[in-house]
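A.B. asks: give me the fold of what follows.
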Amino acid sequence: MPYARSARCLAALLFAWPLVARSDGGENTRPPAEGATSHTLRVAAVQMRSTRDLSANVVRIREHLRRCAREGVRVAVFPECALTGYFAEAITQRTATELAEAERQVGEACRESNLYAIVGTPYRDGDRLLNSAVVFHPSGRVIERYHKIQLAEAWPTPG
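C.D. replies: Below you'll find the predicted structure:
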């Protein structure tokens, strides 16, 4: 994973899974995948090459989430800057509104697919542009946002 804290978020989710599975208010109604037990947590590390086209990347992420759901995955983890691609000019030109709408669409796909996702995306916070990882709940809401601290690129502000 590109983010140390993303790994911690995922680890926390894995350790908390027995509590989540019992207390999700019936949200987790999908039967276990073939060969899985009720104590199995399927996690997918999605490999995808993002483009400079935000809309196309959102469509691909949504397709991956649907496929993951069909395969019994409960947590899908996407690469750094999956929403925008890792292209400085494509990232810096994105507005807060565009990025928020893309996140909303990914959250909607998580809700439709009933799964968690960790997605790399730039994030605008006022004048700051951050390289972030967002954790989505199966309800579609963002439950964690981590801003990368150790930077190798020039465009983001340290989190």
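A.B. asks: ok, Tyr123 touching Tyr146?
C.D. replies: No. Counting by C-beta atoms under 8 Å, Tyr123 stays clear of Tyr146, with 9.8 Å between them. (Glycine included, C-beta is placed from N, CA and C.)
A.B. asks: what do the two both touch?
C.D. replies: Shared contacts of Tyr123 and Tyr146 (C-beta atoms under 8 Å, 6 or more residues apart in numbering): Ser132.
A.B. asks: quick one: Val73 and Ile149, what's the gap?
C.D. replies: Distance of Val73 to Ile149, given as C-beta to C-beta, to the nearest Å: 29 Å.
A.B. asks: more neighbours: these two, which one.
C.D. replies: Just comparing Val73 and Ile149: by other C-beta atoms under 10 Å the higher neighbour count belongs to Val73, 23 against 13.
A.B. asks: my guess is that one contacts Val46. True?
C.D. replies: No. With contacts counted by C-beta under 8 Å, Val73 stays clear of Val46, the gap being 9.2 Å.
A.B. asks: hey, where'd the helices end up in this protein?
C.D. replies: For the chain, the helices defined by DSSP state H cover 4-23, 54-70, 88-92, 96-113.
A.B. asks: lowest-confidence stretch among the ones you listed?
C.D. replies: Note on these: lowest mean pLDDT is at helix 4-23, with a mean of 46.
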